[in-house]
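1. Below is the structure, and that's it, no one-letter string:
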């Protein structure tokens, strides 16, 4: 898109008024076919794609965007919703937040119905909806603009914003290795999220780089929720040679591990280091406060909404950072239970 081209440039090139161009954009029925053809040719020549914001201002749209999500962490989704809402608020656009279940057989029809009933001007998709084929097909068939947060597949399909999950997991694992840990357990994220595999890969890459063997018994399934963190923590702590550190793929699961460790009377972080991923408000309220990866959830959502409103086709990678708090320390021998 040529950012310097605007509706006035199109009008001048087509030899018509700005109001006529607006009527063509609005698919007004009372526009001669020859005039419509001239305007379409001018827009193609200028690589002009009207932004959603511009259409809203012209009265051509519903003044509404939708955020569609399926995520098990309320802390994560609060940040995503707030980021979308903040950007919409700046443009005086309403935001509809709609949860779905990506495994539902009719999820594509649900999204088709949502767009048809609300006439939203565009959609922000949060993971794992970002890679849900029925949803993507429905939006493409409807011609509804959409931007994806952290897609794992088909990046050419739409604009997107993301962070480097592989490098972030590598950074956290390396941090634990540098503290002296060698038996580092890992809790995977929900299988519907592409980021889950990427974080596992980052964990394994960091181990491989320093020659620490990968041990399948130190990896547990998770679902990005507190309960799955508890189950994984219980599993790890029952091992004959339990880990000295646990890296959970999100803060909710890390909180579950902390709860189990407290119940078993472990000294934290002396006998067990626990780290997370996301840096939600939960990370600062548990004890000890979590060392975690700060995922810029608010900024990802804010940037995705900005791309949607502008009509720009782009892929934006945002930076992560490791936040040190009190839940990780060098390993020491665990006390024998009496």
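-> Happy to help now that I have it. Remember, predicted model here, so these are calculated numbers, not experimental data.
2. Now the terminal residues of stretch 282-292, how far apart.
-> End-to-end distance of stretch 282-292 (CA to CA, to the nearest Å): 11 Å.
3. So for it, what gets flagged as buried?
-> 282, 283, 286, 290, 291, 292 (16 or more other CB atoms under 10 Å). C-beta here means a position set from N, CA and C on the backbone, and glycine is covered the same way.
4. which stretches of the stretch 151-300 of the chain aren't confidently modelled?
-> Regions of the stretch 151-300 of the chain meeting the criterion pLDDT under 70 are absent.
5. What's the separation between residue 9 and residue 240?
-> The gap separating residue 9 from residue 240 is 72 Å, by CB to CB, to the nearest Å.
6. Looking at the two, which is more packed in?
-> residue 9 (17 against 5; other CB atoms under 10 Å).
7. surely that one meets residue 46?
-> Yes: Residue 9 sits in contact with residue 46 when judged by CB atoms under 8 Å, with a separation of 5.8 Å.
8. Any idea what the closest residue to residue 315 other than its chain neighbours is bridged to?
-> Nearest non-adjacent residue to residue 315, counting by CB to CB, 6 or more residues apart in numbering: residue 160, 5.2 Å away. On the basis of DSSP bridges, residue 160 is bridged to residue 148, residue 315.
9. Test my guess that residue 160 contacts residue 313.
-> No: using CB under 8 Å, residue 160 is not in contact with residue 313, being 9.8 Å away.
10. Can you pick out the residue with more neighbours from those two?
-> A side-by-side neighbour count of residue 160 and residue 313, using other CB under 10 Å, places residue 160 first with 25 against 13.
11. quick one: what helix or strand has the residue lying closest to residue 80 once chain neighbours are set aside in it?
-> Of all residues not flanking residue 80 in the chain, residue 301 sits nearest, at 4.4 Å (CB to CB, 6+ apart). Following DSSP states H and E, the helix or strand that holds residue 301 is helix 297-310.
12. other SSEs contacting that helix?
-> Helix 297-310 is packed against helix 52-57, strand 64-69, helix 74-90, strand 122-125, strand 146-149, strand 159-162, with contacts defined by 3 or more CB pairs under 8 Å, 6 or more residues apart in numbering; DSSP states H and E.
13. Many thanks, we can stop here.
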